[in-house]
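*Asks:* When you get a sec, could you give me coordinates for this:
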Amino acid sequence: QLQLVESGGGLVQPGGSLRLSCVASGFTLDYRAMGWFRQAPGKEREGVSCISSSGGSTNYAASVKGRFTISRDNAKNTVYLQMNSLKSEDTAVYYCAAGGYSSCLGYVPRDIGSWGQGTQVVVSS
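*Replies:* Okay, the predicted model is just below:
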């Protein structure tokens with residue numbers, strides 16, 4: 001069974017940091033670009049960042065560039081999102097997604113085939 005499981009969300013104060021993880025099971029991430037998305041209450045899901053299958057290319061939405069860092073460890077079948085300098089507007093459910101190709105289309109994977117269940121991030125004082 002193909003599955004993506006996110007973890008690492010929680011409550012953090014503005015200016016704080018969190019590191020999200022996404023572990024895949026049932027398939028290998030070696031040949032897939034991976035992405036992080038988020039959905040805030042009352043808003044549509046939006047792309048946050050994408051990393052190519054090799055990890056050699058990363059892209060970010062303008063709203064998180066310079067604050068978030070995406071990385072991957074293919075040996076562990078895991079993708080990470082390091083989030084620093086968090087703001088209240090970063091509050092959302094964060095989802096990871098596996099693309100069908102090795103490269104990204106901007107800051108989202110192409111031909112997304114699998115989604116995780118999401119992890120909640122709340123930035124509040």
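*Asks:* ok, the residue nearest in space to the middle of the chain to residue 119 distance?
*Replies:* For the chain, residue 36 is the residue whose C-alpha lies nearest the centre (Cα atoms, centre = their mean; 2.4 Å). Separation of residue 36 from residue 119 (Cβ to Cβ, to the nearest Å) stands at 10 Å. (Glycine included, C-beta is placed from N, CA and C.)
*Asks:* Need the overlap of contacts for these two.
*Replies:* Residues touching both residue 36 and residue 119 (Cβ atoms under 8 Å, 6 or more residues apart in numbering) are 20, 94.
*Asks:* Phi first, then psi, for the residue nearest to the centre of the chain.
*Replies:* The phi/psi pair for residue 36 (degrees, to the nearest 10) reads phi -120, psi 140.
*Asks:* Do a quick rundown of the strands in this protein.
*Replies:* 3-7, 10-12, 18-25, 34-39, 46-51, 58-60, 68-73, 78-83, 92-98, 104-105, 108-109, 114-115, 119-123 (DSSP state E).
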